[in-house]
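Student: Okay, predicted coordinates and the sequence, questions at the end:
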4 protein chains.
Amino acid sequence: MPELKPFLSDNAAPVHPKVWKAMRAADSADNPYDGDALSAQLDERFSDLFGRECAALWTATGTSANCLALATMVQPHGGVVCHEEAHIEVDEGGAPGFYLHGAKLMLCPDGFGGESAKLTPEGIAAMIDPIRDDVHQVQPHAIAITQASEYGCSYSREDLAALSTFAKNRGLGLHMDGARFANAAAFLGGSAADAAHGVDSLAFGFIKNGAMSAEAVVLFDPAQADIVKYRRKRAGHLQCKGRYLAAQILAMLDGDLWLENARHANAAAGAIAGGCGGRLMHPVEANELFVRLSADEREALRAQGFAFYDWGADAARFVTAWDTREDHAAALGRAISGL
Amino acid sequence: MPELKPFLSDNAAPVHPKVWKAMRAADSADNPYDGDALSAQLDERFSDLFGRECAALWTATGTSANCLALATMVQPHGGVVCHEEAHIEVDEGGAPGFYLHGAKLMLCPDGFGGESAKLTPEGIAAMIDPIRDDVHQVQPHAIAITQASEYGCSYSREDLAALSTFAKNRGLGLHMDGARFANAAAFLGGSAADAAHGVDSLAFGFIKNGAMSAEAVVLFDPAQADIVKYRRKRAGHLQCKGRYLAAQILAMLDGDLWLENARHANAAAGAIAGGCGGRLMHPVEANELFVRLSADEREALRAQGFAFYDWGADAARFVTAWDTREDHAAALGRAISGL
Amino acid sequence: MPELKPFLSDNAAPVHPKVWKAMRAADSADNPYDGDALSAQLDERFSDLFGRECAALWTATGTSANCLALATMVQPHGGVVCHEEAHIEVDEGGAPGFYLHGAKLMLCPDGFGGESAKLTPEGIAAMIDPIRDDVHQVQPHAIAITQASEYGCSYSREDLAALSTFAKNRGLGLHMDGARFANAAAFLGGSAADAAHGVDSLAFGFIKNGAMSAEAVVLFDPAQADIVKYRRKRAGHLQCKGRYLAAQILAMLDGDLWLENARHANAAAGAIAGGCGGRLMHPVEANELFVRLSADEREALRAQGFAFYDWGADAARFVTAWDTREDHAAALGRAISGL
Amino acid sequence: MPELKPFLSDNAAPVHPKVWKAMRAADSADNPYDGDALSAQLDERFSDLFGRECAALWTATGTSANCLALATMVQPHGGVVCHEEAHIEVDEGGAPGFYLHGAKLMLCPDGFGGESAKLTPEGIAAMIDPIRDDVHQVQPHAIAITQASEYGCSYSREDLAALSTFAKNRGLGLHMDGARFANAAAFLGGSAADAAHGVDSLAFGFIKNGAMSAEAVVLFDPAQADIVKYRRKRAGHLQCKGRYLAAQILAMLDGDLWLENARHANAAAGAIAGGCGGRLMHPVEANELFVRLSADEREALRAQGFAFYDWGADAARFVTAWDTREDHAAALGRAISGL
């Protein structure tokens, strides 16, 4: 049997050794919840990283991070504009409906957004402009975008400037689901500030990138932090041994481990992309590849030990991670190229 | 400066070495969420432990465990009977209101329950019988009790049999908040089955007893598991690297580490209790002590390095944990005795 | 200036004289809320009408009637399948999200339903079959259809039999939004039983058909009535002088006034349709017409006193009511024919 | 059999002839929902009445009026301070939990309020000051008082000034449940402004005072009206023939019918009170009387045709209304006096 070469997802990768080390170092007792010395560092560390003042709070999942951030900008009777394939719409089990008390996800269909599950001001306008300005129709309160997008594409600083301006003009909040924010930032050149330019809040993902169970809710208006703190508790997400979550995040920030890991994953994706040629369905701007492959071709790859998900009937999705072996990525590129 | 001797709470204690070891052993990739080999063992392991079939799911906090379990038995228009000092009422930031969609906590005042924050069928009846059987008043759908209680007292098998019979007769669900279930079970003789006799669901706490971030929702009607699974996801509590939570719980069950740790904490509490004499406000039936102490007396203890919370103006609360040092407990007993 | 000939909607028509009379007759004091002699008759009257046992409760709006009925079949973590242009999706201000605590409306796009905003088993299957059977995606709990549909088309008994069988096979509830149920029943031959064949619940509309402020929630499983009663109170819809609502409904049932009024409106719609020829966008199976008309043509009609809404850029909607004057309808038919 | 002399409640009284007349006058078609000419008058009419700018919206019940107003000041994670016997706590079927998405009612026990279910700044402070200022405990966002109180007592302008100052200092909203606001205003001298001095919102009741199905939500910060409008629609309370509700309210305001009716009811209550002497449990400051009466005495009164509710084991509640006959009231006063 050929060696297993895993490209299913980055969401079940092991924990990075430096993260383990930081968690162990947090083992001595400290104040419970977020009263410990590590949690206390988050606001400053993220403010430094982004070059603007922000508040940052840990939570255990991307789903809760997205929903807690959105709760600062969306009333229960309002709506959140997102792409019809956005993670919050198709993969979070209705969590926004729960956290936002029945607020509506307002879906931009494929043709209304940009390419590859990215939204544009024009596309959003085309979707929301026909909404009657009366109480019979739910009005948008916020926009949620995903960086990198559900198809592995990244919003540039210019893309974000345009969206941010549009959101401000329309009185809408702008939230970024950053489950793979690190991969986008790495692709864009390594600046966290650029990759989150102009957004009001960010769910900064660490789990797919080497952490165990800690994401950060980053609020660029720190005055909103209180809402998230009360709602986090209310959602049962205020862990009493919170220092272990803060430790994970700090370890990822230390020495830019978050970027280093993301660069490794992106490089692996690039190595695969090199073998895909015209099979690529979307530009590879992070660590995901969507590749046209027939059922027979997929079977041939699996016979060589490659593990991945089908993407519909005629394609496959490959995801690289911080621990993807370079030889595995190279082998996959060669294998696809040779089909 | 005297050595710090911590009795503030068990909720920030370090993680037990065997739990660390199990988490590290779970580091190789497996299926995400709860599709891994460790999570798959939970139902059977808890069914064995309780001697009756049950479903068991991990979640990161006691608050979410309580609320997810209650969601199987309480409609949004119903209520949950609990003690007026129950943790779900005074210390969970309104989480039941969130998870149960506005259902009401129906409080048994002190005189209506048993002693020490324990409920009794008679007390519950006295509270709910005056509720008019009409739509203008919220009707109870479930009862929630805490094992051990908020004052560190344990429900015996007989106590639970009476409550369970009462609940069944009234058509009410019976949930047990077991944040310190292990301590109660240890006090009652070590049988998990006895300590949870007759309840419909249990939030089985491990975090205060040596785990890092994993509690178990135990459902004695496994048919309810689906509701909890969907609601856990919806609440953002389905972690993608769930195997690390399952590993914690399994480590606690292996070789009855949960009981061993609880016995240690209870023994420490007993050692302190020995020095308290008539100062004790409640029987010590787990790992918490509520002790009448004047402000001067508390100051004297703190001057000796003992850390603890005031409990109102004339008392203090001391909590022991799995890692409480025996010499610290003995010293505290002596210090109180010598006041 | 030409005489105003109103075809804007049936939702602001006057109250029928027999309804006024019945309301006045209810003026002497009786028990408050729904404890009065008139409210007590509803279950039996509707059971007689439908030829099967049901429970019936008044509420003041169609929106609340739909949502209260859906609450008997949809858990907060579930979803409701409906047409993408269903009233509950586009015209109720997010009420289902509120009443169902964040449950999701799962939209059948135009191509997935039948014609004219009607759903079919095949269309629903095409929409829900791709939903992964896991907790990451919201699962459907119920189907909601509109009788007559948002484009004025009626589900036949056979249509409903097919949908009902499909719903049962899939374990889904089947709710009917009957804002214009009377018009559909009149079109189908006058049998309430046929027009609601196989559904689990019906929001039976009276307001558009001559009442002032009373719709009926009809539950064909009377065991569900308690849920609606508690939720109606909780939603602030249990009026203390409920007898005036019951009086309206009973007046509409007496002597089949509901059918008589609907037949009048349908006949008026038919008279208009006679002049529309190939301009009709949908069959006229109730009291609404969607007619292709250019901006100039619409202006010409308005200049003659006809009042109506534009329907997009190239069409208009005309609605008839219980009080539409026959000469107005005839005039409109002639006017369109002569364009 | 003696003539029935009803003192059960004012909530099922007939509709006043002037209200009927106004409703009939509204019968010709107008714009639907709240787009009609009558609804358009409400803001100005109430601004005139209160001598300060306000927005006013109709809704069909006091429960929805209270909850919609509270939704402008209470976040889902917050709480509403009210008396433990407040109508919103004991008689609205959990509606605040529904409308406020799980926000908590924070109860002032009897000893913590003023007399007769009235709240005082001191009592509220005594209740909320012990709440820890952290996320584990629900924080108050608003205060709700009832005018007249649940025991028929009225807050004077001075009472309200003190509460309003307290609320502002604490950053809390101040809502008034005015189900019997007219009776309080009549008792206080007839000034609506005085009777609602300093509050942020008022649920102005008309139904108990001669209307059929219309209360007004009055918002003294008109900028909040939009929230109520969207939430009213979302709650299914935006009736399409809203002009009939506006007509009721305008009829009650015309010529101060609301005051005239309330004065009549209060006078009847006064006539009864004259016969009660030391039996009165609370001052009679509106149209309710709580009277100490043994079971035998109550039986004797019922034998004379008086209808009323028991109030516990040793008392009775009598309520007068706009249509209470003076001879009935006088007879009741004599009958009690003669016991």
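Tutor: Ah, there it is. Numbering: from 1, shown residues only, chains lettered A, B, ... in the order given.
Student: Can you name the residues of the stretch 51-200 of chain A sitting close to chain D?
Tutor: Proximity of the stretch 51-200 of chain A to chain D (CB under 8 Å from any CB of the partner chain) is limited to residues A:75, A:76, A:77, A:101, A:135, A:136, A:139. Backbone N, C-alpha and C define where each C-beta goes, glycine included.
Student: so which helix or strand takes in residue A:253?
Tutor: Using DSSP states H and E, residue A:253 sits in helix A:243-253.
Student: That helix near chain B anywhere?
Tutor: Yes. Helix A:243-253 comes into contact with chain B (CB under 8 Å from any CB), by way of A:243, A:244.
Student: Just confirm residue A:81 is within a strand.
Tutor: Yes. According to DSSP: H, G, I helix; E, B strand; the rest coil, residue A:81 belongs to a strand.
Student: quick one on the thing from earlier: give me the contact list for the helix holding residue A:253.
Tutor: By CB atoms under 8 Å, 6 or more residues apart in numbering or on different chains, the residues outside helix A:243-253 that reach it are A:16, A:18-19, A:21-23, A:25-26, A:30, A:34, A:36-39, A:41-42, A:45-46, A:49, A:58-60, A:206, A:209-214, A:216, A:239, A:257-258, A:261, B:12, B:15, B:212-213.
Student: Put the buried members of those residues into a ChimeraX selection.
Tutor: Restricted to buried positions by 16 or more other CB atoms under 10 Å in any protein chain shown, the ChimeraX selection for those reads:
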select /A:16,18,19,22,23,26,30,34,36,38,39,42,45,46,49,58,59,60,206,209,210,211,212,213,214,216,239,257,258,261 /B:12,15,212,213
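Student: Can you spell out which helices and strands pack onto the longest helix that chain A contains?
Tutor: Looking across chain A with DSSP state H, the single longest helix is helix A:257-273. When contacts are defined as 3 or more CB pairs under 8 Å, 6 or more residues apart in numbering or on different chains; DSSP states H and E, helix A:257-273 packs onto helix A:181-188, helix A:243-253, strand A:288-292, helix A:326-337.
Student: how much does that helix deviate in direction from strand A:288-292?
Tutor: 10 degrees (axes from the mean of the first three to the mean of the last three CA atoms, to 10 degrees).
Student: Return helix A:257-273 as PDB; C-alpha atoms alone will do.
Tutor: Output of helix A:257-273 as PDB, limited to C-alpha atoms (Å, rounded to 0.1, in the frame of the first residue of the first chain):
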ATOM      1  CA  LEU A 257       5.200  31.700  13.600                       C
ATOM      2  CA  TRP A 258       1.700  32.300  12.100                       C
ATOM      3  CA  LEU A 259       3.300  33.600   9.000                       C
ATOM      4  CA  GLU A 260       6.000  31.000   8.800                       C
ATOM      5  CA  ASN A 261       3.500  28.200   9.000                       C
ATOM      6  CA  ALA A 262       1.300  29.800   6.400                       C
ATOM      7  CA  ARG A 263       4.200  30.400   4.100                       C
ATOM      8  CA  HIS A 264       5.000  26.700   4.300                       C
ATOM      9  CA  ALA A 265       1.500  25.700   3.500                       C
ATOM     10  CA  ASN A 266       1.200  28.200   0.700                       C
ATOM     11  CA  ALA A 267       4.500  27.000  -0.800                       C
ATOM     12  CA  ALA A 268       3.200  23.400  -0.700                       C
ATOM     13  CA  ALA A 269       0.100  24.600  -2.500                       C
ATOM     14  CA  GLY A 270       2.200  26.400  -5.000                       C
ATOM     15  CA  ALA A 271       4.200  23.200  -5.700                       C
ATOM     16  CA  ILE A 272       1.100  21.300  -6.400                       C
ATOM     17  CA  ALA A 273      -0.300  24.100  -8.500                       C
END
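Student: what's next to that helix, contact-wise?
Tutor: With CB under 8 Å, 6+ apart as the criterion, helix A:257-273 contacts A:7, A:10, A:16, A:18, A:152, A:180, A:182-183, A:185-187, A:190, A:206, A:209-210, A:251-252, A:280, A:284, A:286-289, A:318, A:320-322, A:324, A:326, A:328-330, A:332-333, A:336.
Student: all strands in chain A, in order from the N-terminus.
Tutor: A:5-6, A:55-59, A:78-83, A:104-108, A:139-146, A:173-178, A:201-204, A:215-219, A:288-292, A:306-307, A:309-310, A:315-319 (DSSP state E).
Student: Need the residue closest to the centroid of chain A.
Tutor: Taking CA atoms, centre = their mean, the centroid of chain A lies closest to residue A:179, which sits 1.8 Å from it.
Student: related to what we said a few turns ago, give me whichever of the helices and strands packed on helix A:257-273 is most buried.
Tutor: helix A:181-188 (a mean of 29; mean count of other CB atoms under 10 Å in any protein chain shown).
Student: what helices or strands is it leaning on?
Tutor: helix A:192-195, strand A:201-204, helix A:257-273.
Student: pretty sure residue A:20 is touching residue B:24, no?
Tutor: Yes. When contacts are counted by CB atoms under 8 Å, residue A:20 is listed as touching residue B:24 (7.2 Å).
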